[in-house]
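Asks: Sequence first, then the predicted structure:
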Amino acid sequence: MSKTGTSITRRALLKNAALPAAGAALLPQTDWAQKPGGTRPSSTQSLLHLPVLSQPDLAFAFAGNVETDRYNLSRAGSAWTESSGSAGVRVDFLPGAQQSTVSLESPTLPVQRIHLRWKSRFSDDVLALGDAWERSYGDLEWRPLQAERALPWYTMLHTKEQTAGVGVKTGAASFAFWQVDRSGISLWLDIRNGGNGVQLGDRKLQLATIVTQIGASGESAFTVTQRLCRAMTEGTKIPRKRGVTSLDVIYGSNDWYYAYGHNTQDGILRDADLIRSLAPATENKPFTVIDDGYQDRSRFPSLQKLATEIRSRQVIPGIWIRPLRAPAKTSSTLLLPAARWNGPSSEQAPLAYDPTIPEALEATAAVATEACEWGFDLIKHDFTTFELLGQWGSQMGASPTQGNWHFNDRTLTNAEIVTTLYRRLRASCGEERVILGCNTVGHLSVGIFDASRTGDDVSGKEWERTRRTGVNTLAFRMPQHKTFYSLDADCVPLTPDVPWSMSRQWLDVVANSGSVLLVSPDPRAIGKEQQTALREAFERCVHRPSSEPLDWIETRAPHAWRSSVRPYTYDWILEEGESPFPIGIQRGPD
């Protein structure tokens with residue numbers, strides 16, 4: 001270790017590190033939601049100074065595998081290096097007026113993280129919002145500055161007068177998060193391979209591209225966040241159609257929230273018939289997506305025939321897959337190590353393919369290929385982040401993975417490995433099919449996948465899950481809709497266990513948003529009133545509406561919304577109140 005390095009343990013680093021008719025009500029616009037236009041202020045006018053396009057004031061590199069050494073970097077021009085030169089770590093920061101790039105060279109040392117720090121002053125009234133590593137878990141919200149809070153991918157800062165944001169462009173080679181406190185702003189670039197440092201060898205790796213957006217005085221925080229999302233995708237081709245299917249309109253059925261894996265072929269065809277009977281007569285055909293459970297061939301003797309029968313009803317067939325999951329008898333030489341598992345016992349670690357092994361990557365891709373060969377035109381794939389990195393997004397904090405482990409190929413960063421997997425799945429499905437990612441890293445899927453499930457599961461059994469996770473992800477990730485991909489805040493369960501008064505509102509707010517609208521129609525809960533509401537919701541959906549939450553700065557579950565037609569209010573709270581207990585994570589390892 002060089003003299004400028006400080007030895008610290010991994011533990012120490014991580015420790016510090018609306019109802020449409022009778023229920024709709026017009027709302028007065030609050031001050032911060034008004035004035036959607038305005039000119040962008042110059043830097044001298046900005047109340048929120050974001051210096052991150054300029055050279056940082058401090059830079060550090062963290063290298064090693066189990067124990068981590070911190071190297072203080074010094075700047076000469078655009079290059080930041082360890083002063084003695086013995087470490088061989090070089091970070092290049094190239095500033096620009098619109099964006100800045102960060103690159104790394106480290107021929108010998110396995111580097112885990114780069115930390116950049118800019119000094120600035122932020123007032124006590126600043127609120128901050130970040131994104132999520134993969135799905136959100138009902139936990140997105142505007143909060144006062146917390147020095148230790150990790151803000152994945154981008155952060156928005158808001159005062160009563162102004163909103164500003166900073167982020168890294170999508171498709172980065174690192175897992176990036178921000179920190180903001182009264183004295184400055186930090187960017188952390190996690191470039192590990194598994195839980196160990198990446199071995200770059202002779203590669204010079206561009207880690208991230210930084211962009212910013214400064215809102216005009218009085219401009220809504222939602223509008224500024226949308227604009228930052230567009231800046232993060234600049235230069236990335238994002239398709240608007242797959243074959244003859246428009247990606248602007250994705251609606252139909254998914255059986256999970258009434259069947260929960262106990263689906264049947266007759267039930268799927270019943271769903272397709274229902275959806276077709278309620279869909280508007282337009283060129284935008286609805287989807288019927290088969291979820292988990294179809295692997296039981298006593299209930300599903302021929303998936304190829306089933307796909308054909310769905311299509312014969314003028315409905316597009318879709319199917320759920322779990323491509324990284326490996327069969328029990330898979331050779332250990334193709335598997336990811338159990339050490340990545342952040343669970344109660346390593347014996348419970350799910351068996352998953354290591355996609356850096358060519359044979360394992362092809363076995364993963366074969367799952368998608370088989371689904372396409374059956375004749376399904378929408379492929380929904382799930383569990384890949386959990387199986388790659390060993391934990392859920394709600395467990396990640398500042399560290400997307402834990403433990404002393406690495407992939408078979410140690411020369412790639414975790415972000416590069418994830419992106420390679422995504423591109424291989426796209427290649428398997430071809431350019432004509434729609435891909436919907438669930439438990440995927442949204443910022444690494446832009447331009448590859450067409451839609452993204454942006455929150456943890458809602459529920460067909462208890463309303464509280466839908467209120468916490470569904471409403472939250474719809475509101476706080478809506479700025480990404482039709483910019484990153486089509487947003488899927490999850491299904492609308494229509495079951496006897498969830499009050500229709502609540503399901504009706506959830507159906508309405510999703511339909512008004514123009515985001516993905518898939519319903520789980522339990523036949524026991526579908527009467528004339530529900531059919532009428534579904535028909536109206538589908539009709540609105542195909543006309544590509546849009547909406548935004550008006551009170552998202554004040555609550556995790558916004559009740560005040562403005563659609564492209566008018567404002568709406570919703571009452572998300574049950575008569576008896578809501579449960580104070582944790583809702584947990586749905587769909588565990590198996």
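Replies: Noted; the coordinates are in hand. Residues are numbered from 1 along each chain as shown.
Asks: make it CA atoms for all contacts and neighbour counts henceforth
Replies: Will do.
Asks: Enumerate every residue touching the nearest residue to residue 510 once chain neighbours are set aside.
Replies: Taking CA to CA, 6 or more residues apart in numbering, and ignoring the residues beside it in sequence, residue 510 has residue 517 as its nearest neighbour in space, at 6.5 Å. Contacts here follow CA atoms under 8 Å, 6 or more residues apart in numbering; on that basis residue 517 touches 250-252, 488, 490-492, 510-511, 541.
Asks: which of those are buried?
Replies: Applying a neighbour-count criterion of 16 or more other CA atoms under 10 Å, the buried members of the contacts of residue 517 are 250-252, 488, 490-492, 510-511, 541.
Asks: out of these, what pair is the most spread apart?
Replies: Of all pairs drawn from these, the one with the longest distance (CA to CA) is 490 and 541, at 14.9 Å.
Asks: Would you state the helices of this structure in chain order?
Replies: 10-16, 221-233, 256-259, 265-278, 303-312, 358-374, 384-389, 393-396, 414-429, 442-445, 463-465, 471-477, 500-513, 528-542 (DSSP state H).
Asks: Could you export these as a markdown table, including mean pLDDT and distance to residue 210?
Replies: As requested, those are exported to a markdown table (pLDDT from 0 to 100; distance: least, CA to CA, whole Å):
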| stretch | mean pLDDT | distance to residue 210 |
| --- | --- | --- |
| helix 10-16 | 34 | 24 |
| helix 221-233 | 98 | 8 |
| helix 256-259 | 98 | 39 |
| helix 265-278 | 98 | 44 |
| helix 303-312 | 98 | 44 |
| helix 358-374 | 98 | 31 |
| helix 384-389 | 98 | 24 |
| helix 393-396 | 96 | 22 |
| helix 414-429 | 98 | 16 |
| helix 442-445 | 98 | 13 |
| helix 463-465 | 97 | 35 |
| helix 471-477 | 98 | 20 |
| helix 500-513 | 98 | 29 |
| helix 528-542 | 97 | 35 |
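Asks: Let me know which of those helices is the nearest to residue 77.
Replies: Set against residue 77 and scored by CA to CA, the helices of the chain come closest in helix 221-233, at 26.3 Å.
Asks: next one: that closest one to chain centre, how far?
Replies: Centroid separation for helix 221-233 versus its chain: 15 Å, with CA atoms, centre = their mean, to the nearest Å.
Asks: contacts for it?
Replies: Contacts made with helix 221-233 from outside it, assessed by CA under 8 Å, 6+ apart, are listed as 32-33, 36, 156, 158, 162-170, 211-215, 446, 479-480, 483-484, 548.
Asks: Now do the same contact list for residue 198.
Replies: By CA under 8 Å, 6+ apart, residue 198 lies in contact with 110-112, 191-192, 410-413.
Asks: Mind checking which of these are buried?
Replies: Those of the contacts of residue 198 that meet the buried threshold are 110-112, 191-192, 410-413, by 16+ other CA under 10 Å.
Asks: Dump those residues to CSV, plus distance to residue 263.
Replies: Supplementary listing: these in CSV, determined by distance: CA to CA, whole Å:
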residue, distance to residue 263
110, 48
111, 47
112, 44
191, 41
192, 40
410, 41
411, 43
412, 40
413, 39
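Asks: List just the nearest of these to residue 49.
Replies: Nearest to residue 49 among the buried ones among the contacts of residue 198, with distances taken as CA to CA, is residue 191, at 27.6 Å.
Asks: Below-threshold pLDDT in this protein: ranges please.
Replies: Scanning the chain for pLDDT under 70 picks out 1-46, 587-590.
Asks: Buried residues of the longest strand anywhere in it, list them for me.
Replies: For the chain, the strand that runs over the most residues, judged by DSSP state E, is strand 204-214. Buried residues in strand 204-214, defined by neighbour count with 16+ other CA under 10 Å: 205-214.
Asks: Same list, these, but as TSV with distance to residue 280 please.
Replies: Conversion of these to TSV gives the following (distance: CA to CA, whole Å):
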residue	distance to residue 280
205	50
206	47
207	46
208	44
209	43
210	43
211	41
212	41
213	39
214	41
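Asks: if we can go back for a sec, which strands and helices sit next to the longest strand of the chain?
Replies: strand 99-105, strand 163-168, helix 221-233 (3 or more CA pairs under 8 Å, 6 or more residues apart in numbering; DSSP states H and E).
Asks: and the last one with strand 99-105, angle?
Replies: Pointing back at helix 221-233 there. Going by axes from the mean of the first three to the mean of the last three CA atoms, to 10 degrees, helix 221-233 is angled at 50 degrees with respect to strand 99-105.
Asks: now helix 221-233 against strand 163-168, angle please.
Replies: Helix 221-233 and strand 163-168 meet at an angle of 20 degrees, taking the same axes, to 10 degrees as the criterion.
Asks: got it, and the first one?
Replies: Angle of strand 99-105 versus strand 163-168, following the same axes, to 10 degrees, is 30 degrees.
Asks: For strand 99-105, which outside residues touch it?
Replies: Contact with strand 99-105 is made by 53-54, 88-95, 200, 202-212, as judged by CA under 8 Å, 6+ apart.
Asks: Mind putting the helices of the chain into a markdown table with distance to residue 576?
Replies: Rendered in a markdown table, the data for the helices of the chain read as follows (distance: least, CA to CA, whole Å):
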| stretch | distance to residue 576 |
| --- | --- |
| helix 10-16 | 39 |
| helix 221-233 | 32 |
| helix 256-259 | 23 |
| helix 265-278 | 33 |
| helix 303-312 | 41 |
| helix 358-374 | 44 |
| helix 384-389 | 35 |
| helix 393-396 | 28 |
| helix 414-429 | 44 |
| helix 442-445 | 36 |
| helix 463-465 | 12 |
| helix 471-477 | 19 |
| helix 500-513 | 13 |
| helix 528-542 | 24 |
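Asks: C-alpha coordinates for stretch 383-400, CSV please?
Replies: Taking C-alpha atoms only, stretch 383-400 is exported to CSV below (Å, rounded to 0.1, in the frame of the first residue of the first chain):
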residue,chain,number,x,y,z
PHE,A,383,-35.4,-12.0,-10.8
THR,A,384,-32.1,-11.1,-12.7
THR,A,385,-30.9,-8.4,-10.3
PHE,A,386,-31.7,-10.6,-7.2
GLU,A,387,-30.0,-13.6,-8.7
LEU,A,388,-26.9,-11.7,-10.0
LEU,A,389,-26.2,-9.6,-6.9
GLY,A,390,-27.7,-11.7,-4.1
GLN,A,391,-30.1,-9.1,-2.6
TRP,A,392,-33.2,-6.9,-3.3
GLY,A,393,-33.0,-3.3,-4.0
SER,A,394,-34.4,-2.4,-0.6
GLN,A,395,-31.4,-4.1,1.0
MET,A,396,-28.7,-2.5,-1.1
GLY,A,397,-28.3,1.0,0.4
ALA,A,398,-24.8,2.2,-0.8
SER,A,399,-23.7,-1.3,-1.8
PRO,A,400,-25.6,-3.1,-4.6
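Asks: Mind listing what's buried along that stretch?
Replies: Within stretch 383-400, the residues scored as buried using 16+ other CA under 10 Å are 383-394, 396-400.
Asks: now swap in stretch 457-470 and tell me
Replies: Neighbour counts over stretch 457-470 (16+ other CA under 10 Å) mark 457-461, 463-470 as buried.
Asks: Likewise for stretch 425-442?
Replies: Buried positions in stretch 425-442, judged by neighbour count with 16+ other CA under 10 Å: 425-426, 428-429, 433-442.
Asks: Which single one of the residues you listed is nearest to residue 290?
Replies: Closest to residue 290 out of those is residue 436 (12.9 Å), distances taken as CA to CA.
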